[in-house]
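Peer 1: based on what follows, work out the 3D shape:
(one chain, ligands or ions: 1)
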Amino acid sequence: MSVLEEILDGVRADLAARQERIPLGNLKELASKQPPARDVTPLLRSPGVSILAEVKRSSPSKGSLADISDPAALAVDYESGGAVAISVLTEGQRFNGSLDDLRAVRAAVDVPILRKDFIITSYQLWEARAHGADVALLIVAALEQNALVSLIERAESIGLTTLVEAHTADEVHRAVDAGARIIGINARDLNTLEVDTSTFHRLASLVPDGVVRIAESGVRGPHDVIELGQDGADAVLVGESLVTGKEPRSAVADLVAAGAHPALNNRSQ
Ligand SMILES: O=P(O)(O)OC[C@@H](O)[C@@H](O)c1c[nH]c2ccccc12
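Peer 2: Have a look, this model is predicted:
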């Protein structure tokens, strides 16, 4: 069984337990009490390379990365460092995240928040909105094409923006065919967990103009941000190097400064 399939087994088990406990109607009710979702798209389209910073405790490849006892405080640091949005991993078994983390971060920051999880049903989209997320991740490799299309439509009807993640040329084509407006190219293969930093360079040109391109995973510092920007990234999503590195606020600020580098100014937006 691939790592992705193993992760999805755990996700399904946790999801079934939550669905037993919390009826969909309760989530809809909670969602209706949230302020409207924030629109991340214009922020991602702004000049230069924007930084999405991730609250990430653990990963399946490395195990525990950081003991994040206060995810809200970390998110505030990210926001004050200039992150355009915050990604919160909510998967429990392999990433040690939770919807409580999402709720805590929502209460602490004003920027848009991405629910980073393995979303396979619309119930999870309602959970995302009920806990204050503005954006939901949809992973092409985890979904049949019909499911991908219907989850994009459902997310939009709930007011969520979707970030559709691809790792291969075929997955980029599927994302485009499904109508994705924001495509994340993940350098990590979720079947093997290996990171190939040439992935964005190879696949970015398959994303049509007008669709936002986000480079995900394996970004270690400012130099990578500039390189990915030169390859056409509108934004980068960074987790591990921020939670394991130096002080997060200034680490984000350094990435933000790189994203505003003059070498990236003549890129078409
Ligand atoms: O920690 P990194 O290498 O900076 O990567 C962040 C993010 O891209 C990664 O956490 C991620 C990308 N796609 C995912 C899908 C599910 C879980 C996690 C992810």
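Peer 1: does the longest helix along the chain come close to the ligand?
Peer 2: Longest helix in the chain by number of residues (criterion: DSSP state H): helix 3-21. No - in this structure, helix 3-21 remains apart from the ligand according to Cβ under 6 Å from any ligand atom; the gap is never smaller than 7.9 Å. In short, each C-beta sits where N, CA and C put it, glycine included.
Peer 1: please identify the buried residues of that helix?
Peer 2: Residues of helix 3-21 classed as buried: 4, 7-8, 11, 14-15 (neighbour count, 16 or more other Cβ atoms under 10 Å).
Peer 1: dump those to a markdown table, plus pLDDT and distance to Val164.
Peer 2: Conversion of the buried residues of helix 3-21 to a markdown table gives the following (pLDDT from 0 to 100; distance: Cβ to Cβ, whole Å):
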| residue | pLDDT | distance to Val164 |
| --- | --- | --- |
| Leu4 | 96 | 16 |
| Ile7 | 97 | 18 |
| Leu8 | 98 | 17 |
| Val11 | 98 | 18 |
| Asp14 | 97 | 23 |
| Leu15 | 98 | 20 |
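Peer 1: same list, these, but as a markdown table with distance to Val225 please.
Peer 2: A markdown table is the format used below for the buried residues of helix 3-21 (distance: Cβ to Cβ, whole Å):
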| residue | distance to Val225 |
| --- | --- |
| Leu4 | 27 |
| Ile7 | 28 |
| Leu8 | 31 |
| Val11 | 31 |
| Asp14 | 34 |
| Leu15 | 35 |
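Peer 1: Gly229 versus the residue nearest to Asp254 when sequence neighbours are not counted, what's the distance?
Peer 2: Spatially, and ignoring its direct neighbours in sequence, Asp254 is nearest to Pro222 (5.3 Å; Cβ to Cβ, 6 or more residues apart in numbering). Distance of Pro222 to Gly229, computed by Cβ to Cβ, to the nearest Å: 11 Å.
Peer 1: so for these two, which sits in the more crowded spot?
Peer 2: Using other Cβ atoms under 10 Å as the criterion, Pro222 and Gly229 rank with Gly229 on top: 24 against 16.
Peer 1: got the phi and psi for the more buried one?
Peer 2: When read as degrees, to the nearest 10, the backbone of Gly229 gives phi -60, psi -40.
Peer 1: do Gly184 as well
Peer 2: Backbone torsions for Gly184, taken as degrees, to the nearest 10, come to phi -100, psi 130.
Peer 1: which residues of the stretch 101-250 of the chain lie near the ligand?
Peer 2: 116, 139, 165, 186, 216-219, 237-241.
Peer 1: can I get stretch 236-244 in CSV, CA atoms only?
Peer 2: The C-alpha atoms that make up stretch 236-244 are tabulated as CSV, following Å, rounded to 0.1, in the frame of the first residue of the first chain:
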residue,chain,number,x,y,z
VAL,A,236,5.1,29.3,-2.2
LEU,A,237,3.8,27.2,0.7
VAL,A,238,6.4,26.6,3.4
GLY,A,239,6.2,24.4,6.5
GLU,A,240,9.1,22.4,7.8
SER,A,241,11.9,25.0,7.4
LEU,A,242,9.7,27.5,9.3
VAL,A,243,8.9,25.3,12.2
THR,A,244,12.4,23.8,12.6
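Peer 1: sorry, back to before: can you list contacts of the longest helix of the chain?
Peer 2: Judged by Cβ atoms under 8 Å, 6 or more residues apart in numbering, the contacts made with helix 3-21 from elsewhere in the structure are 1, 60, 91-94, 117-118, 120-121, 123-124, 127, 141-142, 190-193.
Peer 1: just those: which are in helices?
Peer 2: Taking DSSP H as the definition of helices, the contacts of helix 3-21 contribute 123-124, 127.
Peer 1: who wins for neighbours among those?
Peer 2: Of the ones in helices among the contacts of helix 3-21, Glu127 is surrounded by the most neighbours, 26 neighbours in total, counting by other Cβ under 10 Å.
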